[in-house]
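Participant: Prediction below, plus the sequence it came from.
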Amino acid sequence: MVDNLAIRAAPHHVRPPDLTYTVVSEVIDDHGHKHVLSRFDDARWDLTPYFEQSNIPESMKTIVWPVDVPPSLLKDTKAALFEWFKFGRPGYKAAIARTIFIAAVSAGPLLRWLTQHGVKSFNEIKPLHLATFRQLCKDERLRPRGIKSRLEIVDLAWVFRDHLHEPPGQYPWGDMPFAAYCGLMGHEVRSSTGLGVGKTPVIPREVQSALFIHCERIFNQAENLFSQRDAGTLGPSTEPMRDLRDACLYLLSITSGMRNDEVIGIEVGAGRRELRDEVEYCWVTSVEHKTGKGRVEYMVPPMTLKVVEVLERYSEPLRAALKDEIDALEASIAQMNDASGRRDFVKRLIQARGDVQRVFLGVIYGKYNQITALSGVASRVAMLRLASKAGQEWKLSPHQCRRTYARTFVESRMGRQALVFLKWQFKHSSISMSQLYAANPAQDPALYEDMLAEYFDIKRDLLETWSSPDQRLSGGAGRKILEMRASAVPDRERLVANTAMQINIRATGHGWCIAQDSGCGGAGLYESTRCVDCRNSVIDEEHIGVWQGIHEQHREMLELDDLGPVANARIRRDLALSAKVIADFGVAVNGVIAEIQPIESSQI
């Protein structure tokens, strides 16, 4: 419930100062002279100096204010965003430039809709306006976060009402918090746990395989491509060189777990090796911006360092050209007398200096053909182009690589599959996740948090599958789960989520082990039939083929005539146990189907 003070009409406040000529952004030259890029009243706010990420395109650094919005509404929109940018919401840090840009763009649809309905200032907005616009957003099938983004400017206008000329007259969201008004609070179990991962899809294994084979083929051509380039028969920005860069982008992303801005931020000399207790660790350094940790190192397999080395050679001529441009800019600025001319040159000089050691470089063709770091948009285009050339229809994107990395890492730790990128293996399979994290305090902790979220998600998905009425199960714990399905549960989804947070699940290759203590001590990994009646074993439909293979192998051994009575007795015992598992799934054993009647959904 919102504080009663918050829903009262806003008291009369002192008229805020005029911000018309207030500086929003500026650049500083080598002599300490400031050159203004944007002032409050300008039609465009150039926020370039506030972006440290190298993968942000120029189009996403400048706010272009709408011209079809009433002056009062636009002026107070600017004022609310300016206060958020410079000082932050009460009790929170100031918003970063990217947040301000997104908020300004997201506010556009609402501001134009209000204008069409005769609203000229924030104090003219009525609850009916907001409720109607919210419903329009729902009709567009926007998620709660999308609705929140579009309505956020009104919430900011209320929060910073003392800095606006015509602020809202009362708390805009009735008797509920802003997030709840948008549908964000309690709308999914996963958010309540605080562990769930986002909606970014994991790259399917068959797609991963095709992409890696394609990238490996291009990567193996690197020496030949460099020879042609250095001989002058192949340009540094031609399609073959671009394809090599795209392949390196995917390989580096999928084997490191870096976000795209961290991958694009890699500079010359970023890779290193160290030998500790006879274990070789390979690291790649970049800068983490999302949580502000700064310079971080990512553990990678040895082949990733080779990728960095190839990228260093790929970028050599581009970096050399960028260095020449820097020298020319410095000389031009030194001879300029016009302040406005110097401003543009200083801005470009700062950008060029920031990119001159990057390895992911490209050319923006146009009036100046500028060399710059690959942007996030260009990275997405590169990934789509890469997938298409690999013969895949999958809509590949950079962030999918981070989630796929975290997912594969966790599945490796669970024993479900090895962390193998076709031919190279992460050679630390015997080291725990906590030991890997402790191996270097400069690592990005957010990546390990993503791994924990993936671990929770895998467990939750498994538990949901096991609780499904049409899912057959075997194993001691699996049969127990079948019995428990008949019990009424008020909130099965929440039960699954809470159980996933507390239970340990490990793969054995022929089933799942949920032992929370020592259990069999791992004997079931090597003697599969121990798991048939073990109270900690769950065998689901994923493993039917494995058990059919185990059964067939025992049948073949039984036909041998030189094993002796003791071995034959053991084979018959294991043959009966594997047949028991197969029968639990209603699959034919020796030509006979042992059908098990499924539990009716009405019993769930």
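Facilitator: Ah, there it is.
Participant: contacts for stretch 156-169?
Facilitator: 9-10, 13-16, 72, 75-77, 79-81, 83-84, 89-90, 103, 121-125, 154, 171-172 (CB atoms under 8 Å, 6 or more residues apart in numbering). Heads up, the C-betas are built off the backbone N, CA and C, glycines and all.
Participant: start to end distance for that stretch?
Facilitator: End-to-end distance for stretch 156-169, by CA to CA, to the nearest Å: 13 Å.
Participant: Check the offset of that stretch from the chain's centre.
Facilitator: Remark: stretch 156-169 is offset 35 Å from the chain centroid, using CA atoms, centre = their mean, to the nearest Å.
Participant: Quick one: mean pLDDT over it.
Facilitator: Mean pLDDT, stretch 156-169: 94.
Participant: coming back round to it: and the contacts of stretch 156-169, which of them are buried?
Facilitator: Applying 16 or more other CB atoms under 10 Å to the contacts of stretch 156-169, the neighbour count classes 10, 16, 72, 75-77, 79-81, 83-84, 103, 121-125, 154, 171-172 as buried.
Participant: Return the subset of the residues you listed lying in helices.
Facilitator: Ser72, Lys75, Asp76, Thr77, Ala79, Ala80, Leu81, Glu83, Trp84, Ala103, Val154 (DSSP state H).
Participant: which residues of the stretch 501-604 of the chain score low on pLDDT?
Facilitator: 518, 588-604 (pLDDT under 70).
Participant: Where do the strands of it begin and end?
Facilitator: Per DSSP state E, counting those that start in this stretch, the stretch 501-604 of the chain carries strands over the ranges 506-507, 512-513, 537-538, 588-589, 592-593.
Participant: Partner strands of the second one, with direction?
Facilitator: Spelled out, it's strand 512-513. strand 506-507 (antiparallel), strand 537-538 (antiparallel) (DSSP bridges).
Participant: Now tell me what touches it from outside.
Facilitator: In contact with strand 512-513 (CB under 8 Å, 6+ apart) are residues 462, 475, 505-507, 519, 524, 531, 536-540.
Participant: Next one: the most centrally placed residue in the chain relative to Asp155, how far apart?
Facilitator: Geometric centre of the chain, nearest residue: His399, 4.4 Å, by CA atoms, centre = their mean. As judged by CB to CB, to the nearest Å, His399 and Asp155 stand 27 Å apart.
Participant: got it, and Ser528?
Facilitator: Counting by CB to CB - Ser528 and Asp155 are separated by 58 Å.
Participant: Same check on Gln116?
Facilitator: According to CB to CB, Gln116 and Asp155 sit 21 Å apart.
Participant: Please identify the buried residues of the helix or strand containing Ala210?
Facilitator: Assessed by DSSP states H and E, Ala210 sits inside helix 205-219. Residues of helix 205-219 classed as buried by neighbour count (16+ other CB under 10 Å): Val207, Gln208, Ala210, Leu211, Phe212, His214, Cys215, Glu216, Ile218, Phe219.
Participant: repeat for stretch 396-410
Facilitator: Buried positions in stretch 396-410, judged by neighbour count with 16+ other CB under 10 Å: 396-410.
Participant: One more: stretch 554-566?
Facilitator: Of all the residues in stretch 554-566, those buried under the rule 16+ other CB under 10 Å are His554.
Participant: how long is it from one end to the other?
Facilitator: So stretch 554-566: terminal residues 14 Å apart, CA to CA.
Participant: and that stretch, how far from the chain's centre?
Facilitator: Relative to its parent chain, stretch 554-566 has a centroid offset of 53 Å by CA atoms, centre = their mean.
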